[in-house]
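1. Output the structure for:
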Amino acid sequence: MRYLRAMSRESVSVISAPLSPAERSLAPDVARGAMLGFIAVANVSFYLWGRPLDVYGNIADAGSVDRVALFVEQLLMAERSRPMFAILYGFGIAVMASRATARGLGPSAVRALLARRSLWLIAFGVLHAALLFAGDVLAPYGATGLVALTLVLLPSAALRAWLWGTSAVVVLVTLPILAFLGSGASMDDATLAGEQAAGSEYLANVAYGLIASAAGIAFALLLLAYLPLVIVGILVQRAGWLERPAAHVPSLRRVFWSALVMNLVSSTPVALIALGVWRPSEGVAVVAGYLTLLGGMYAGLGYVCGFALLARRWDARGRRGVPGALAALGARSLTGYLGQSILLAPVLAPWGLGLGDGLGYLAAYGLAVGAWLVTVVVAVLLERQGLRGPFEVLLRRLTYPRTRT
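-> Below is the predicted model of the structure:
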């Protein structure tokens, strides 16, 4: 609260207007837009219900085509979208702090600004979890932001010390707990059972979402689940990897290719379980789940670097074509993320049209990609009209105090 009081004492006239498309860096927006496609596919399993699950949390009677689709998702996307989201969230925090500092705000006022944004993200996330999607990440990330705001202005050497310390907590404590709770299945698929437990009554789903959101916030604060990756995002911003990718091609390539190898090595065991060709004991499945969670942290950074390399190649085109479409969505990532739930939940959930009943993985992933494409089209139309996303506008109005006249 002292940060919020500090902000009220300082002039807010230095707070800048939102960045125009010409001022925005292409790479982070392309990465955010593509990441939302990963998120849509990874999250859609939450809405599948009405079919038995095996001991690994996968649909027990899935056919061969669905098994292959699940194999690909587990190999390349499961537990990769959340790390990407966390890194880009940290990057955004660093950009926001850097711009506010450059405009003349002192440290207390900068932290106040970040605290307001984090608190409103928590509010958005709790509502999202209660009304649409219990697997929401906005509230846990907002809670992580309340911790990160105390670190964002530290020197890079101190940040790196925090990175190693918090990573040790996550690797030795947080990930083993997640792997145990998932019983060897990815957390994306484990939520499928939670949706079935919530039932078809909407109020039951609201209660379930509130409980899940509270648990996610507690998990983020007590076990620092996302803090190391948020710190990585802050350090990436300071290094200029996303804002000036052309100047960091060797580093970006090194991280991308090494992360791709680690991704395949760490996720293959769980992917083979999903394919149904390997049925290990529960203990071994927990280890497999731990490996994919651990590898996913570095793989998420590798994917971000990969999209930065693509953005460098596309930079000459500007915000046109495929890069422009991805960037348009990336610049409206909050609207895109919430828009996926607005499109999918009423159609698939038991309390809505209930089309998730008996749906297989391939069809579900197709719907997820379709919902993502709808958000891309909407973002492009908004871009052409010079309009920001509605949820971005709302969050900004709630975050920034009104300028004094």
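2. where does this protein dip in pLDDT?
-> Applying pLDDT under 70 to the chain flags the ranges 1-23, 183-200, 402-405.
3. burial of residue 282, as a residue count?
-> 11 (other CB atoms under 10 Å). Yep, even glycine has a C-beta here, placed from its N, CA and C like the rest.
4. Next up, the contacts around residue 327.
-> Residues counted as contacts of residue 327 (CB atoms under 8 Å, 6 or more residues apart in numbering) are 21, 24, 26, 29, 30, 33, 319.
5. repeat for residue 323
-> By CB under 8 Å, 6+ apart, the neighbours of residue 323 are 26, 30, 310, 311, 314, 317.
6. Which helix or strand contains it?
-> Following DSSP states H and E, one finds residue 323 within helix 321-330.
7. Check which residues of that helix are buried.
-> 323, 324, 325, 326, 327, 328, 329, 330 (16 or more other CB atoms under 10 Å).
8. nearest residue to the first one other than its sequence neighbours?
-> If I follow you right, that is residue 323. residue 314 (3.9 Å; CB to CB, 6 or more residues apart in numbering).
9. Hmm, that neighbour is touching residue 26, no?
-> Yes - under the criterion of CB atoms under 8 Å, residue 314 makes contact with residue 26 at 6.8 Å.
10. What is the neighbour count of the nearest residue to residue 138 once chain neighbours are set aside?
-> Leaving out its chain neighbours, the residue that sits closest to residue 138 by CB to CB, 6+ apart is residue 125, at 3.2 Å. Per other CB under 10 Å, the neighbour tally for residue 125 reads 23.
11. And residue 357, by the same measure?
-> 15.
12. Report the separation between it and residue 37.
-> Computed as CB to CB, to the nearest Å, the residue 357 to residue 37 distance reads 25 Å.
13. ok, residue 171 - contacts?
-> Taking CB under 8 Å, 6+ apart as the definition, contacts of residue 171 comprise residue 294.
14. Tell me if it really is in a helix.
-> Yes - when DSSP: H, G, I helix; E, B strand; the rest coil is applied, residue 171 is found to be in a helix.
15. Determine the set of other helices and strands touching the strand or helix carrying residue 118.
-> Using DSSP H and E, residue 118 maps to helix 107-131. Helix 107-131 sits against helix 2-9, helix 81-102, helix 138-148, helix 202-222, helix 333-348, helix 390-399, with contacts defined as 3 or more CB pairs under 8 Å, 6 or more residues apart in numbering; DSSP states H and E.
16. that older thread, just the buried residues of the helix or strand harbouring the residue nearest to residue 323, please?
-> Following DSSP H and E, one finds residue 314 within helix 282-314. By 16+ other CB under 10 Å, the buried positions in helix 282-314 come out as 285-286, 288-312, 314.
17. That helix to helix 321-330, inter-axis angle?
-> Put simply, helix 282-314 runs at 120 degrees to helix 321-330, going by axes from the mean of the first three to the mean of the last three CA atoms, to 10 degrees.
18. other SSEs contacting helix 282-314?
-> Using 3+ CB pairs under 8 Å, 6+ apart: helix 282-314 touches helix 26-43, helix 81-102, helix 175-182, helix 227-239, helix 249-275, helix 321-330.
19. dump the residue contacts of the closest residue to residue 362 other than its chain neighbours.
-> Excluding its sequence neighbours, the residue lying closest to residue 362 (CB to CB, 6+ apart) is residue 69, at 4.1 Å. Applying CB under 8 Å, 6+ apart, we find residue 69 in contact with 360, 361, 362, 365.
20. Could you measure from residue 69 over to residue 77?
-> 11 Å.
21. Equivalent analysis for residue 244, please.
-> 28 Å.
22. same question, residue 275
-> Counting by CB to CB, the gap from residue 275 to residue 77 is 15 Å.
23. Between these two, tell me which one has more neighbours.
-> residue 77 (23 against 18).
24. Now do the contacts for the more buried one.
-> Contacts of residue 77 by CB under 8 Å, 6+ apart are 38, 41, 42.
25. how about a markdown table for those residues, with distance to residue 231 and neighbour count added?
-> Below are the contacts of residue 77 laid out as a markdown table (distance: CB to CB, whole Å; neighbours: other CB atoms under 10 Å):
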| residue | distance to residue 231 | neighbour count |
| --- | --- | --- |
| 38 | 21 | 22 |
| 41 | 27 | 25 |
| 42 | 23 | 24 |
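26. quick one: which of the residues you listed is nearest to residue 102?
-> Comparing the contacts of residue 77 against residue 102 with CB to CB places residue 38 closest, at 32.1 Å.
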